[in-house]
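Visitor: just a sequence and a predicted model for now, questions to come.
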Amino acid sequence: VLVERGGYRHFMLKEIMEQPQAVTAALRDRVDFGRGLVTLPDLTLTDRELAGVSRVVLIGCGTSLNAAHVGRHLVERLAGIPAEAESASEFRYREPFLDPSTLVVAIGQSGETADTVAAMETVRQSGARLVTICNAPNSQAARLADHALLMGCGVEIGVASTKTFLSSLTLLNLLAMRLGTARSHLGSAASRKLVEGLARLPGNVAQLLESADDVEPLARSYYGRNNFLYLGRGINAPVATEGALKLKEISYIHAEAYAAGEMKHGPIALIDHAMPTLAIAPQDGLYDKMANNIQEVKARDGDVLAVLTQGDDRLSDLVDHSVFIPETAPNLTPLLATVPLQLFAYHIAVRRGCDVDQPRNLAKSVTVE
Ligand code: G6P
């Protein structure tokens, strides 16, 4: 397939800008907006079968692993089912407990990552139910899975995944809601409210991208730093990990991501004026906890760049730089908080003269172990 850069300097930037359409594609024909219900017809299991799921295991590699960790929170919250997330490369070499009431969700942009495919083969033999979320209809993952939820967001060329991360998160929301409704964990009023959030999501992402240029001056100030700390909590802890991964992949800067509650157990020792912290602190249930972490960084002379909810004067006064995301439901904040982190990594890599679309030592899909 011949894919053009469409006027953008890099495929990665083009793919970041395509994210509203990626979200729309993931929602298409899967949500009944009128009734406020997720239908997800490509998951061909009855309510009864879905209600029989007692445990959800989410696996993937790289960016898809970070999506799996967000998915774990979504399944617990929206469906009330025990859930865990793990790297496919670890999962495949354990002796994982799998039974017919376990639902395994294998996430992958390419559907060809060797570790993910091998893990799926193990799952198939176990009798557990197997779903894939992937962007390649003819991939091994799509063939191995009982149910393939296809992203349909168009080919992703940049080696560092961007739009397929947002596609994965959208589909994970739909999967968690579908499970939650089937087992009556999610009532119709709650479902309706969540669907309203989904309906606004492509517009929210588009709104964020309108101010994409605001991130460039931040990159100009910080591109010379050699170490970064990324902090987030709860459902946004994996977003910190994804932000740090983007920076490592394309700019070759060392970036460490931590669940902010763990900061006291080590990374706080690293903080000084030379080590900036990226803090993801939307106004959710963990906002005050993040505010404390930010204060701890500031007290040690560290610069803080924060991803905040629009209108948050309290934290924006405290930190060195703020990027704002529109207010949204807590299950959707990871999608919005990721976008400025992608742009930050992108602009830093460009400033450092790195090959953004083809970073050294990395491959788009890792088809050998
Ligand atoms: C490689 C790519 C990453 C990607 C990972 C998993 O490391 O460089 O961008 O996240 O593979 O790929 P998958 O196709 O399984 O999502």
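Guide: Cool, the structure landed. Residues are numbered from 1 along each chain as shown.
Visitor: return the residues of the stretch 251-369 of the chain in contact with the ligand.
Guide: 362, 364-366 (CB under 6 Å from any ligand atom). For the C-beta atoms, the positions are set from N, CA and C on the backbone; glycine is no exception.
Visitor: as TSV, the residues you listed with secondary structure would be great.
Guide: Putting those into TSV (DSSP: H, G, I helix; E, B strand; the rest coil) gives the following:
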residue	secondary structure
L362	coil
K364	coil
S365	coil
V366	coil
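Visitor: between the residues you listed, which is closest to A182?
Guide: S365 (32.9 Å; CB to CB).
Visitor: what is whatever helix or strand V239 lives in packed up against?
Guide: If you go by DSSP states H and E, V239 is part of helix 237-251. Helix 237-251 sits against helix 63-74, strand 227-232, strand 254-259, strand 277-281, helix 333-351, with contacts defined as 3 or more CB pairs under 8 Å, 6 or more residues apart in numbering; DSSP states H and E.
Visitor: so which of these is the most surrounded?
Guide: Of all the helices and strands packed on helix 237-251, strand 277-281 has the most neighbours on average by mean count of other CB atoms under 10 Å, namely a mean of 28.
Visitor: quick revisit: okay, who's weakest in the residues of the stretch 251-369 of the chain next to the ligand by pLDDT?
Guide: The member of those with the lowest pLDDT is S365, at 88.
Visitor: got a list of what it touches?
Guide: Neighbouring residues of S365 by CB atoms under 8 Å, 6 or more residues apart in numbering: 109-110, 112-113.
Visitor: same thing with R178?
Guide: For R178, the contact set (CB under 8 Å, 6+ apart) comprises 38-40, 43, 50.
Visitor: dump the helices and strands packed on helix 237-251 to JSON lines, plus mean pLDDT and distance to D288.
Guide: Shown next, in JSON lines, are the helices and strands packed on helix 237-251 (pLDDT from 0 to 100; distance: least, CB to CB, whole Å):
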{"stretch": "helix 63-74", "mean pLDDT": "98", "distance to D288": "19"}
{"stretch": "strand 227-232", "mean pLDDT": "98", "distance to D288": "14"}
{"stretch": "strand 254-259", "mean pLDDT": "97", "distance to D288": "16"}
{"stretch": "strand 277-281", "mean pLDDT": "98", "distance to D288": "10"}
{"stretch": "helix 333-351", "mean pLDDT": "98", "distance to D288": "16"}
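Visitor: just put those in TSV and tack on distance to T241.
Guide: Formatted as TSV, the helices and strands packed on helix 237-251 follow (distance: least, CB to CB, whole Å):
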stretch	distance to T241
helix 63-74	5
strand 227-232	7
strand 254-259	4
strand 277-281	10
helix 333-351	10
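Visitor: all set now, cheers.
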